[in-house]
Each structure stands twice: as C-alpha cells, then as structure tokens.
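Participant: Structure, please.
(one chain, ligands or ions: 1)
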Amino acid sequence: MRLYTCCIDCRRDISFYENAKDRYALAIIRGQSFELICENCDKLSYYHVNQIRMDQNKAITLGILSLLIGCAMGLIYYFWPQLTRAPIVLVIWGLIGMLGVLFLIYQEITTKHKSQVVYFNRRIYR
Ligand SMILES: [Zn+2]
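Facilitator: Sure thing, here's the model as predicted:
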C-alpha cells in the first residue's frame, strides 16, 4: 500500500510503499519511529508511525477498471457472431447485464480497498 507523510521541513508529501494493514503492522516492520528522506529537500528525518497515513492507490483502481473493460471487450469479441444473429433486445439486455456485473465487481474491490485505507488511518498506535 502507498503510505505517505508530510515533510517536517518543506511540507511536501513523502510517500513510500509498505505492505502493512495498520500502524501496528507498520511498527513491527519499520519500528515505532523510522527515518524517511524527503525527495524534495533531501533531508532525512524521523517520523512516528502515527504521522503516517495511507493513501488510496489510484493505480490499483485504474488497473482493475482497465482489466474489467478488457474482459468486457473480449467477451463481446468472442460472442460477436452469436450477437449479430440474436434479437437486438436480447443483445441489449445481455450487454446491460454484463456491464452491471462488471460494475458490481469493480465496486466490491474498490469498496474493500477504501475500507482498508479508512482502517489504517483511524487506528492510532499507542
Ligand atoms: Zn522536504
């Protein structure tokens, strides 16, 4: 997951990747306080795990979306000969159903990802 904090000198975001579901897991991996180097001002500073926040990973969302669109295109291409012969009403309902299922899959994955972000950011390390 993409984690970030604010540089104490220049206030720009410092981001890094770590596979931690919450700040306790992050503290186990990196320690309660750990050093990060700001890419903007090149300054090395220590940050406590409670200063770290999780960001929603847009790459994951975009990746899932493009994968689902790819699946939809593949299915349409594969069933094209049958689609051209089938009654138009059936084709339209089939497309609506397929888009509905793909939308539900997309929503399920992004909702799960959002709840992971909320869980990380709400849980304070004590
Ligand atoms: Zn900085």
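Participant: and the protein, which of its residues are near the ion?
Facilitator: Contact residues (CB under 5 Å from the ion) of the chain with the ion: Cys7, Asp9, Cys10, Cys38, Asn40, Cys41. For the C-beta atoms, the positions are set from N, CA and C on the backbone; glycine is no exception.
Participant: Just the buried ones from these?
Facilitator: Cys7, Cys38 (16 or more other CB atoms under 10 Å).
Participant: Tabulate the residues of the chain next to the ion (TSV), appending pLDDT and secondary structure.
Facilitator: Converted to TSV, these look like this (pLDDT from 0 to 100; DSSP: H, G, I helix; E, B strand; the rest coil):
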residue	pLDDT	secondary structure
Cys7	96	coil
Asp9	93	coil
Cys10	95	coil
Cys38	96	coil
Asn40	95	coil
Cys41	95	coil
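Participant: My read is that Glu35 contacts Tyr46, right?
Facilitator: Yes: proximity of Glu35 to Tyr46 meets the contact threshold set by CB atoms under 8 Å, at 5.4 Å.
Participant: which stretch of helix or strand covers the spatially closest residue to Ile76 that is not a sequence neighbour?
Facilitator: The shortest distance from Ile76 to any non-neighbouring residue, by CB to CB, 6 or more residues apart in numbering, is to Leu83 (7.1 Å). Per DSSP states H and E: Leu83 is located in helix 80-85.
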